[in-house]
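In: Model the structure of this input:
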Amino acid sequence: MVAKAQAKYVRVSTRRAREVAQEIRGKKVEDALRILKFSPRKPAPHIAKVIRSAMANAEENNNV
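Out: Just a heads-up that it's a prediction; the model follows:
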C-alpha cells in the first residue's frame, strides 16, 4: 500500500532535505517521526508534517 503526500513551496534547500530524508528512509513511521522530532535540521519538521499527512491520507482514502 502506497500513500502519497507532498509539500510545496517550502523554503528549504533540497540537498538538506534529502540528507534528512536519507536518515529516516526504510524506518517504521513511529521511529522516523521520533528521529525527526529530535533532529536539529531545518527540514525535519517539514518532512514530519508530510509523513503525518501521508498517514492521514492512507487512513482516509485507503482504509489502512
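
In: By mean pLDDT, which helix or strand of this structure comes out lowest?
Out: The helix or strand of the chain with the poorest confidence is helix 44-62; it has a mean of 92 (mean pLDDT, DSSP states H and E).

In: That one: which residues count as buried?
Out: Buried positions in helix 44-62, judged by neighbour count with 16 or more other CB atoms under 10 Å: 44, 46-48, 50-51, 54, 58. C-beta coordinates here come from the backbone N, C-alpha and C atoms, glycine included.

In: I'd like these as CSV, with distance to residue 34 appended.
Out: Supplementary listing: those in CSV, determined by distance: CB to CB, whole Å:
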residue, distance to residue 34
44, 11
46, 16
47, 13
48, 10
50, 16
51, 11
54, 16
58, 19
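
In: any idea which of these is closest to residue 30?
Out: residue 51 (10.2 Å; CB to CB).

In: show me what contacts the closest one?
Out: By CB atoms under 8 Å, 6 or more residues apart in numbering, the contact list for residue 51 reads 5, 29, 32-33, 36.

In: Among those, which one sits closest to residue 22?
Out: With CB to CB as the yardstick, the closest approach to residue 22 among the contacts of residue 51 comes from residue 32, at 11.6 Å.

In: how many neighbours does that closest one have?
Out: Applying the criterion other CB atoms under 10 Å, we find 18 residues in the vicinity of residue 32.

In: so it sits right up against residue 26, yeah?
Out: No. Residue 32 is not in contact with residue 26 according to CB atoms under 8 Å; the separation is 9.0 Å.

In: Tell me the residue in the protein that is farthest from the middle.
Out: The outermost residue of the chain, judged by C-alpha distance from the chain's mean C-alpha position using CA atoms, centre = their mean, is residue 63 at 19.9 Å.

In: Distance-wise, check it relative to residue 35.
Out: Applying CB to CB, to the nearest Å, one obtains 28 Å for the distance of residue 63 from residue 35.

In: And residue 17, by the same measure?
Out: 14 Å.

In: what do you get for residue 26?
Out: 12 Å.

In: got it, and residue 2?
Out: Summarising the geometry, the distance separating residue 2 from residue 35, computed by CB to CB, is 21 Å.
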